[in-house]
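[1] just need the structure, nothing else, for what follows:
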Amino acid sequence: MSTVELYWRARNAGRLGLKGTEHIAFDWAAVIERKDRLVASWSEGKERGLEKLGISVIRGEAKFTGPQEIAVDGKKLSGNKFVIATGSKPSRPGIPGAERGITSDELIHLKQQPKQLVVIGGGFIGLEFGFALARAGSKVTILQAGSEIAPALDDDIRKSLLEIAKAAGIEIVTDAKVKRIGDDKSVEAEVAGRSQRFAADQVLLATGRPSNAPALEPQKADIELDRSAVKVNEHLQSVSNGNVYAAGDAAGQHQHTPVAWYEGVLAAENAVKGNHRKVDFTVFPTAVFTIPAIGQVGLTEKQARATGAAVKAGRMPFSSNPAAGVREEAEGLVKIIYDEKSDRLLGVHVIGAEAEDIIQIASTAILGGVTRSTLASAHYVFPTLGGAIFDAMSAG
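    Next comes the predicted model:
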């Protein structure tokens, strides 16, 4: 994503007085090759780190054979505690021709950039890859079965995202019931009662990611599942087998990378030291890596109003931020939601340049109990993109 974003910014740098940047070419194969090198290097580094800690790494396919025993390629291993962190895999929808589509795991290994990409699914994965390919020069169409894309987003952030997507040349079609993927990879869908055909040379299946936990044959260890994930308590401990803990997509509570980092440590500590930590997502920032990105923490306006609080909302467009203007990256906005009576921040949502970083200012403020008015009066480095958070506090 970062390489695509750099390319996109460079292509538009003529507005900054730079000449010739519109002729910069994007080498998809080189980007994928670099990605593979980085992933391999990071994986090797993590494995060396485990070895330095004296942790044995056994590679193979594991399956439970009992409540406290697994077999790895036939070799049996017993333990007092187990932590399941097996991640998830992309699903393939049950539509004719689904085998002609590719998953997100397969897309990042393509050696050739698609010229026309149809994305089936308007969730975060579909949007992230849709934006990446569109910014890299592909023609992108996103088909969403429901009435709106990314239903977890705040309504104003979604509206802004739709405007930015349109400007980026992304076609988003909602209420699209996909019927089949043809031999030529064109997608047939029913939209508003009429059949439509969407041409493509690649079709991305972005229709969810079930947990990999069922492959472990958890039933042999009395591990109860909730759909495909391990059913856990507030300590990330299996509700049916106290020797087992789960984290990340295997626990299935939230499918975000930072959740896996957080839960992995928590599950391991509880397994080794006893249940002394509870999972807590009260203040938990997340990001959607569209281009520009989305950062969010706390409640959406709709969620906040459902609590019965005296909710007020404020909006500050990125176009009002001098740093965004200087960089010619004025798309997007900052939205704050707070309780008018207590002045307590309930949620902050950002779409715009470096939203994934600046949302952490709001997250820290909420975690520390800083009120809206206190944050509004705080000094900050000017001009900066992060200053948009502070300025937005006066917009309510």
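
[2] worst-scoring helix or strand of the protein, pLDDT-wise?
    Every helix and strand in the chain was compared by mean pLDDT, DSSP states H and E; the lowest is helix 28-52, with a mean of 90.

[3] name the helices or strands packed onto that one?
    Under the contact criterion of 3 or more C-beta pairs under 8 Å, 6 or more residues apart in numbering; DSSP states H and E, helix 28-52 touches helix 2-11. Where you see a C-beta, it was placed from the backbone N, CA and C, and this is true even at glycine.

[4] try it again with 7 Å
    If you count contacts as 3 or more C-beta pairs under 7 Å, 6 or more residues apart in numbering; DSSP states H and E, helix 28-52 packs onto no helix or strand.

[5] what sits up against that helix?
    With C-beta atoms under 7 Å, 6 or more residues apart in numbering as the test, helix 28-52 has contacts from 3, 57, 108-113, 136.

[6] so that helix versus helix 2-11, what angle?
    Angle, helix 28-52 to helix 2-11, by axes from the mean of the first three to the mean of the last three C-alpha atoms, to 10 degrees: 140 degrees.

[7] helix or strand next in line after helix 28-52, which one?
    strand 62-66 (DSSP states H and E).

[8] centre of the chain to that following strand, how far?
    Mean-position distance between strand 62-66 and its chain equals 31 Å (C-alpha atoms, centre = their mean, to the nearest Å).

[9] so what's the gap between the least confident helix or strand of the chain and the chain middle?
    With C-alpha atoms, centre = their mean, you get 21 Å for helix 28-52.

[10] check which residues of that helix are buried.
    Within helix 28-52, the residues that count as buried by 16 or more other C-beta atoms under 10 Å are 28, 31-32.

[11] which one of the residues you listed is nearest to residue 62?
    residue 32 (29.8 Å; C-beta to C-beta).

[12] next, residue 245: phi, psi?
    Dihedral pair for residue 245: phi -120, psi 160, per degrees, to the nearest 10.

[13] leaving out the residues flanking it, which one is nearest to it?
    Nearest non-adjacent residue to residue 245, counting by C-beta to C-beta, 6 or more residues apart in numbering: residue 267, 4.1 Å away.

[14] what's downstream of the helix or strand encompassing that neighbour, the next helix or strand?
    Element membership for residue 267, per DSSP H and E: helix 257-273. Heading C-terminal from helix 257-273, the first helix or strand you meet, by DSSP H and E, is strand 286-288.

[15] for the stretch 51-200 of the chain, which segments count as strands?
    In the stretch 51-200 of the chain, the strands defined using DSSP state E, counting those that start in this stretch lie at 62-66, 69-72, 75-78, 82-84, 116-120, 139-143, 171-173, 176-181, 187-191, 194-198.

[16] picking up where we left off before, tally of neighbours for the residue nearest to residue 245?
    27 (other C-beta atoms under 10 Å).

[17] point to the residue nearest the middle of this protein.
    residue 288 (4.7 Å; C-alpha atoms, centre = their mean).

[18] nearest residue to that one in space, please, no chain neighbours.
    residue 294 (4.1 Å).

[19] noted, bye for now.
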